[in-house]
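>>> sequence first, predicted model second:
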Protein chains: 2
Amino acid sequence: MPEPNQELVLDRLIHEPGRLAILTVLSSVKSADFVFLQRTTGLTKGNLSSHLTKLEEAGLVQIEKRFVLKKPNTSVELTKVGRKRIAEHWSRLDRLKNLAQPHPQE
Amino acid sequence: MPEPNQELVLDRLIHEPGRLAILTVLSSVKSADFVFLQRTTGLTKGNLSSHLTKLEEAGLVQIEKRFVLKKPNTSVELTKVGRKRIAEHWSRLDRLKNLAQPHPQE
DNA sequence: TCAACTAGTTTGTACTACAAACCTGAGGAG
DNA sequence: CTCCTCAGGTTTGTAGTACAAACTAGTTGA
């Protein structure tokens, strides 16, 4: 039983490339709509849709659907929890990365 | 058809948490053995074994098996390609992360 | 002789990401 | 009207895969 260093465990829900991209983009804006997210992440509509559903079920994002100019418009923003979790994920990645240059003193 | 920004596409083979840990650890040393990798990554033997097999098949690591003190000893090191790919992966992650603070001028 | 340990490998299954098919309402064109 | 096509999504079937658990094989100790 090696102690698994809990500080480094990566959450697959967040780590998945598509969702990591979505959450990272969202962390830089108040909110974004479906079409914008599709452009910035490069995901297909289908995959973006199902990733967003997962993220919503997990409580990481909040989704609002309305009609704008008679077209459906899906607006997404991070929840407080989501904002915290994506920041934490990036800092875990940093810690992992820094394992690679650990030759400081001695 | 949004242009998927090829510079940001993450390779799932490398991105998977267990393998990302293995490759990152390996990138800081000349070589490491099975037991050392198990301790540093926190993976179980079974999972470490199958991840190493995948990485070897992909040409990212080179594995040598011998007996040391009458015990089996599996020594792993990055190939040239592997070293390049893990470095590239981390720089893609950096670029993704930096999408999140893009408010420079204007 | 047999139990337990080290150092791994193999296997069965439960999950899940993706592509492709589908849905729904809004404009045109004729 | 009736038919097309488009925008903006959602649902579904399947192929792939990560993991836990079971297994293997050689060593040491009692």
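Thanks, I have it.
>>> check contacts around the residue nearest to the spatial centre of chain A.
For chain A, A:L23 is the residue whose C-alpha lies nearest the centre (CA atoms, centre = their mean; 2.5 Å). For A:L23, the contacting residues are A:I14, A:L55, A:L60, A:V61, A:L78, A:G82, A:R85, A:I86, A:H89, by CB atoms under 8 Å, 6 or more residues apart in numbering or on different chains. Heads up, the C-betas are built off the backbone N, CA and C, glycines and all.
>>> which stretches of chain A have low pLDDT?
Within chain A, the stretches with pLDDT under 70 are A:1-8, A:101-106.
>>> for it, what's the longest helix?
helix A:80-98 (DSSP state H).
>>> of all the residues in the helix or strand hosting A:T24, which ones are buried?
Under the criterion of DSSP states H and E, A:T24 resides in helix A:17-26. Within helix A:17-26, the residues that count as buried by 16 or more other CB atoms under 10 Å in any protein chain shown are A:P17, A:G18, A:R19, A:L20, A:A21, A:I22, A:L23, A:T24, A:V25, A:L26.
>>> please see if the following helix or strand past that helix touches chain B.
Counting by DSSP H and E, the element after helix A:17-26 in chain order, helix or strand, is strand A:32-33. No - Strand A:32-33 stays clear of chain B (CB under 8 Å from any CB of the partner chain), getting no nearer than 12.0 Å.
>>> identify the residues contacting strand A:32-33?
A:V25, A:L26, A:T40, A:N73, A:T74, A:S75, A:V76, A:E77.
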